[in-house]
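Student: Next comes the sequence, and after it the predicted model I'd like to discuss.
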Amino acid sequence: MADVLLRDIRKRYGSTEVIHGVSLELKHREFIVFVGPSGCGKTTLLRMIAGLETISGGELLIGGRLSNDTPPGERGIAMVFQNYALYPHMTAAENMAFGLRNIGTPRDEIANRVSAAAKTLQIEHLLDRRATEMSGGQRQRVAIGRAIVRRPQVFLFDEPLSNLDAALRVQMRVELVQLHQRLEATSIYVTHDQVEAMTMADRIVVFREGRIEQVGTPLEIYRSPANTFVAGFIGAPKMNLLKSQVVSASPGQVVVSVPGGSAEVAANGSALAAGAAVTLGVRPEHLRPTSGEGAFQGKVSALERLGRETLLYVAGADGSTLIATDAGDSPTRIGDTVKLAMDPGSARLFGSDGAALSPAMGTA
Amino acid sequence: MTASRHPEPAQPRSGMARLRDAFAGYAFLAPFLAFYAIFLLYPFGLGVWMSLHDWEIVGNYREYLGWANYQELWEDTYFWEVLRNTLKFTVITAPAATVLGLALALALNRPLRAYGALRATFFASNIFAVTVVTLIWTMVLNPDNGLVSHGLRTLGVEPIAFLTEPGWAMAALVVTTLWWTSGFPMSLFLAGLQQIPPEIYEAARLDNASRWTVLWRITLPSLKRTLLLVVVLQTVGQFQLFGQPLLMTRGGPSNSTRPLVQWIYEIGFRDWRSGYASAVAMVLFCMMFFVALLQLRVARQEE
């Protein structure tokens, strides 16, 4: 069993604290994705789990064992680096064997593990090539192979796909998930790419400025963001966030003012008074042009035709812009005035502090 | 035909324009070429020519001798002695300076400011003129009141006249040279070390590599090119030993520290036998040329 437990983990550089007490439980064989903007501390936390950064406070347990001061090589982990970090003067096979040799694994065993990993990753033809003679994608496979042969309890991935081209990234994404399902290990994957987070994770951990903003399955996070930060960060195009005011509130429904009208939202409004400032969050796919009654009205300022659907950028009278979705063959043109209808059940309300008012599931 | 989306192939340029480009190119090269021709090619050619002559340095006496100077050299026992001194010095100093430079670089390759100051200190001796260095070391090694003899006396050992004892003079020159020149290989190795991506050291930590393994399997292989460069520069540089023995031992005692360059200088400017001196210089050139070729060959094999 390789549960990973973080208890109030902190990281300080001098007097500056960059990780402010992170607590998290990762279950055996789970695929966890750390996501957040640059500088949010996700990579630092991963490096602390790896043992490449010291832990300033709190406890790290890997497989039930306190590992704060355990050397990186003895933590039962393997890491895949963003820049692959292959030993440039060694062949792929030597790269993969290096760690096993250092712990005195018998030669036959090393050869078996290397060839098994090479077969899994389809890199058998690269085994005698040096790192400098391989493409980015090939290097990435060798780097993953180097991690696999160690049979770690926990795999750590530090933005491993960010140096690959778009097509290869999509392919490797699928392969990594399949690989994870085959291996008896827990995976922690750091990325700033929310598409990777959504597509790969069993659970996503959203970070901001050294704190966890939300932990949940991809759908929980997508549907019920815990606050406006998560709402804006996960999902492309972004969730529309509109400053608005409460018109009337009841335990089952809140009516808020919007440019050009009002909107009903299914939310618990028992703590809200009329006139309270709130933020209305609605995903573009829940906002559609209508010929009937619409909550919003505005002028189309831009169109993005994606084939399957069309994104409408609708400018309201107050200067705010909303993104709405229409059919792929939408007849709408730039400059048209459109009314937008909102699905009340799928909209979210956030209080003046940014925290979700709607019954947001799965918040930490 | 519909309009092509590909860019039009470049029009062949007119002969005049090409000529103008060529002229501009050579004009940019001219200062270097002039310098190279006047200060390298011409003296080298003249040296080869002189080595085939009995050539008076002052005056007009020139007599063509063919290979006679080289033949005389081959039979000159003094030449072999001086050559042996030079090789001995190089074989000791070049590897020692390389290892010392590498050790200093490994020890001082840390981001702290104190290490920066130490790096500057170790490099500083490199910028002194040979006169200053030899003056310092002549004083340090002075048997009457030098730093070393003072230390030896404290230990109860009789002071040694390092510069006049046949068994010690060469060692004294080696130590002086190492003190003087090890800063340069250190800086080259530091540059090489800083080229190694830090992630591979992190990967090595995750791979359970000991410090020793990291040095032998990661750091040194990554420094292979720098190592080759340093060894060649050191070898070629130490072949040209001159100032230290001239100023510290005058080639003595009993000719045990006289190197090729000092001998060339003495034949040419004391005995006024420029032709013979040139022949010795050509031998030295061939030795250095061979080392440089070896480097090129090894470097090419690496690729």
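Tutor: Ah, there it is. Residues are numbered from 1 along each chain as shown, chains lettered A, B, ... in the order given.
Student: what about residue 180, which SS state?
Tutor: Just going to use chain A. helix (DSSP: H, G, I helix; E, B strand; the rest coil).
Student: again, but for the one 4 residues further on
Tutor: Three-state call for A:Glu184 (three-state DSSP): coil.
Student: A:Thr44 contacts A:Val18, correct?
Tutor: Yes - under the criterion of C-beta atoms under 8 Å, A:Thr44 makes contact with A:Val18 at 6.1 Å. Heads up, the C-betas are built off the backbone N, CA and C, glycines and all.
Student: what is in contact with those two at once?
Tutor: A:Lys11 (C-beta atoms under 8 Å, 6 or more residues apart in numbering or on different chains).
Student: wait, isn't A:Gly252 in contact with A:Asn268?
Tutor: Yes - counting by C-beta under 8 Å, A:Gly252 touches A:Asn268, with 7.5 Å between them.
Student: The two: who's more crowded?
Tutor: Using other C-beta atoms under 10 Å in any protein chain shown, the more surrounded residue of A:Gly252 and A:Asn268 is A:Asn268, with 16 against 10.
Student: okay, now the residue in the stretch 251-364 of chain A positioned nearest to chain B: neighbour count?
Tutor: Nearest to chain B in the stretch 251-364 of chain A, going by C-beta to the nearest C-beta, is A:Arg305, at a distance of 22.7 Å. A:Arg305: 12 surrounding residues under other C-beta under 10 Å.
Student: Skipping adjacent residues, who's closest to it in space?
Tutor: Leaving aside its sequence neighbours, A:Arg305 sits nearest to A:Gly328 (C-beta to C-beta, 6 or more residues apart in numbering or on different chains; 7.2 Å).
Student: ok, now which ones touch the one you found?
Tutor: A:Arg305, A:Leu306, A:Gly307, A:Arg308, A:Glu309, A:Thr310.
Student: Which members of these are positioned in helices?
Tutor: Of those, none are assigned to helices by DSSP state H.
Student: Restricted to buried residues, select the residues you listed in ChimeraX.
Tutor: Of the contacts of A:Gly328, the buried ones can be selected in ChimeraX as follows, counting by 16 or more other C-beta atoms under 10 Å in any protein chain shown:
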select /A:309,310
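Student: Helix or strand next in line after the top helix by length along chain B, which one?
Tutor: Identified as the longest helix of chain B according to DSSP H is helix B:77-108. Once helix B:77-108 ends, the next helix or strand along the chain (criterion: DSSP states H and E) is helix B:113-124.
Student: Return the set of buried residues in that next one.
Tutor: Neighbour-count burial for helix B:113-124 flags B:Arg119, B:Phe122, B:Phe123 (criterion: 16+ other C-beta under 10 Å).
Student: excluding its backbone neighbours, what's nearest the first one?
Tutor: Right, B:Arg119. Of all residues not flanking B:Arg119 in the chain, B:Leu108 sits nearest, at 5.0 Å (C-beta to C-beta, 6+ apart).
Student: okay, now the one you found: neighbour count?
Tutor: B:Leu108 - counted by other C-beta under 10 Å - has 22 other residues nearby.
Student: Assess the claim that it and B:Met186 are in contact.
Tutor: Yes - taking C-beta under 8 Å as the definition, B:Leu108 is a contact partner of B:Met186 at 7.4 Å.
Student: what sits in contact with each of these two?
Tutor: With C-beta under 8 Å, 6+ apart as the test, B:Leu108 and B:Met186 both reach B:Arg119, B:Phe122.
Student: For chain B, which segments are assigned as strands?
Tutor: B:53-55, B:62-64 (DSSP state E).
Student: For A:Leu24, see how far away B:Leu284 is.
Tutor: 70 Å (C-beta to C-beta, to the nearest Å).
Student: got it, and A:Leu46?
Tutor: A:Leu46 is 12 Å from A:Leu24, where distance means C-beta to C-beta.
Student: cool, A:Ile9 as well?
Tutor: 8 Å.
Student: Show me which of the two is the more surrounded one.
Tutor: A:Ile9 (22 against 18).
Student: Which residues are in contact with that one?
Tutor: A:Ile19, A:Gly21, A:Val22, A:Ser23, A:Leu45, A:Met48, A:Ile55, A:Gly57, A:Gly58, A:Glu59, A:Leu60.
Student: Take these and keep only those in helices.
Tutor: Using DSSP H, the contacts of A:Ile9 in helices are A:Leu45, A:Met48.
Student: possible to save the contacts of A:Ile9 as CSV with neighbour count, pLDDT and distance to B:Phe239?
Tutor: Putting the contacts of A:Ile9 into CSV (neighbours: other C-beta atoms under 10 Å in any protein chain shown; pLDDT from 0 to 100; distance: C-beta to C-beta, whole Å) gives the following:
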residue, neighbour count, pLDDT, distance to B:Phe239
A:Ile19, 26, 93, 58
A:Gly21, 16, 91, 64
A:Val22, 21, 92, 62
A:Ser23, 14, 94, 67
A:Leu45, 28, 95, 56
A:Met48, 23, 95, 53
A:Ile55, 20, 94, 55
A:Gly57, 15, 92, 60
A:Gly58, 17, 92, 61
A:Glu59, 14, 94, 62
A:Leu60, 21, 94, 58
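Student: which of the contacts of A:Ile9 lies closest to B:Pro143?
Tutor: Distance to B:Pro143 across those (C-beta to C-beta) is lowest for A:Ile55, with 59.6 Å.
Student: ok, the closest one - contacts?
Tutor: A:Ile55 neighbours (C-beta under 8 Å, 6+ apart): A:Ile9, A:Arg10, A:Lys11, A:Met48, A:Asn68.
Student: for A:Arg308, same thing?
Tutor: By C-beta under 8 Å, 6+ apart, the neighbours of A:Arg308 are A:Gly328.
Student: make it 10 Å
Tutor: A:Thr325, A:Ala327, A:Gly328 (C-beta atoms under 10 Å, 6 or more residues apart in numbering or on different chains).
Student: Just the pLDDT for it.
Tutor: pLDDT, A:Arg308: 92.
Student: about what we covered before: want to throw the contacts of A:Arg308 into JSON lines with pLDDT, secondary structure and distance to B:Ala114?
Tutor: Output for the contacts of A:Arg308, formatted as JSON lines (pLDDT from 0 to 100; DSSP: H, G, I helix; E, B strand; the rest coil; distance: C-beta to C-beta, whole Å):
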{"residue": "A:Thr325", "pLDDT": "94", "secondary structure": "strand", "distance to B:Ala114": "61"}
{"residue": "A:Ala327", "pLDDT": "91", "secondary structure": "strand", "distance to B:Ala114": "68"}
{"residue": "A:Gly328", "pLDDT": "89", "secondary structure": "coil", "distance to B:Ala114": "66"}
